[in-house]
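# Build me a structure from this.
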Amino acid sequence: MESKLTPEAALASLGWQIELGATEAVGDAPVDRYTLPEKAPKPAAKPAHAPPLAAPAKAPPADPVAAAEAAAGAAPTLEALRSALDVYPHCDLRRGARNLVFCDGDPGARLMIIGEAPGRDEDLQGKPFVGRAGQLLDRMFDAIGLARTGQTPEAALYITNILPWRPPQNRDPEPAEIAMMRPFMARHVQLADPELIVLMGNISCEAGLGRRGVTRLRGQWTEAYGRPALPMLHPAYLLRNPAAKRDSWADLLALKARLSTSSRR
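Next up, the predicted model:
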């Protein structure tokens, strides 16, 4: 078929295409348009509305208390329990603390003292009750023949805290922090297996009894973690309120009497 385009018209058409930007060949070889089929095959139709991609499933948020129960329950020894606490990731207090404060004294002692939380001195040394309050605690229990350095289980103390990390500015522990540490403390008592427990201060009473108000609870025997327990005023409270030392002396005498009459292991 003879083209009806004159050379001049073809040249004008080429110039118009160049002005539009069609300056390069689409393929590497020329295409003979006269040999192509009249109608090219249509591409496969695309669905009008492609189904949306499913969002990746999100993992449910971790339950700190459940994680604490699992970690504590799997610890066969006190050393393993300490290691479980050391890697427990859900308590933010660990980020600002210098040391994990786990225990002091004889783990075979008949009496276990459970305090509240480490202070500055405890955080620095990694041991509970080593500041001014700890020095007063030592004098209090020395008066009834007990010490953390006692040579026998009958003369020894075993001391720990509800929280193993120091709260910022020595603030009170928050309820969520107490809740996630309670399973560790329950396992701690189970592994140490003391005959009697002293709940030293409000936070210890809240964790062990579910109640605060140690000034009302003190001096009354109760049960915590499956053991006979005596709530007592915290030595830090006694430093601020020396008149309350009389009440603590009465509690110490009651504790001494209970130890002298309780069954020995």
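
# low pLDDT regions in the stretch 51-200 of the chain?
The model of the stretch 51-200 of the chain has pLDDT under 70 over residues 51-61.

# Which residue ranges of the chain form helices?
Ranges of helices in the chain, per DSSP state H, are 7-19, 64-73, 78-87, 93-96, 120-125, 132-142, 175-192, 202-209, 214-217, 235-240, 245-261.

# Reformat the ones you listed as CSV; add mean neighbour count.
(Each C-beta comes from the backbone N, C-alpha and C, glycine too.) Putting these into CSV (neighbours: other C-beta atoms under 10 Å) gives the following:
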stretch, mean neighbour count
helix 7-19, 10
helix 64-73, 17
helix 78-87, 16
helix 93-96, 14
helix 120-125, 18
helix 132-142, 18
helix 175-192, 20
helix 202-209, 23
helix 214-217, 16
helix 235-240, 17
helix 245-261, 14
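
# Of the ones you listed, which is nearest Ile162?
helix 202-209 (4.7 Å; C-beta to C-beta).

# State the number of residues packed around Thr152.
The local packing of Thr152 (other C-beta atoms under 10 Å) involves 10 other residues.

# Tell me how far it lies from Trp165.
Distance check for Thr152 against Trp165: by C-beta to C-beta, to the nearest Å, it reads 32 Å.

# Equivalent analysis for Ala147, please.
As judged by C-beta to C-beta, Ala147 and Trp165 stand 26 Å apart.

# More neighbours: those two, which one.
The neighbour comparison of Ala147 against Trp165 (other C-beta under 10 Å) goes to Trp165, with 24 against 15.

# wait, what's in contact with the more buried one?
By C-beta atoms under 8 Å, 6 or more residues apart in numbering, the contact set of Trp165 is Cys91, Leu93, Arg94, Gly96, Ala97, Leu100, Val101, Ala117, Pro118, Asp123.

# Could you do Leu85 as well?
Ala71, Leu100, Phe102, Pro164, Phe184.

# measure the closest residue to Met232 other than its chain neighbours to Gly150 for me?
Nearest residue to Met232, sequence neighbours excluded (C-beta to C-beta, 6 or more residues apart in numbering): Asp251, at 5.0 Å. Distance, Asp251 to Gly150, by C-beta to C-beta: 19 Å.

# hang on, Ile113 packs against Ile159?
Yes. Here Ile113 reaches Ile159: they are 4.7 Å apart, a contact under C-beta atoms under 8 Å.

# quick one: common contacting residues for those two?
Residues touching both Ile113 and Ile159 (C-beta under 8 Å, 6+ apart) are Phe129, Leu137.

# Pro153: neighbouring residues, count only.
By other C-beta under 10 Å, 17 other residues sit near Pro153.

# Quick check, it in contact with Met112.
No. When contacts are counted by C-beta under 8 Å, Pro153 is not listed as touching Met112 (11.2 Å).

# how many neighbours does the nearest residue to Ile197 once chain neighbours are set aside have?
Nearest residue to Ile197, sequence neighbours excluded (C-beta to C-beta, 6+ apart): Ala229, at 4.2 Å. Look at Ala229: counted by other C-beta under 10 Å, it has 25 neighbours.
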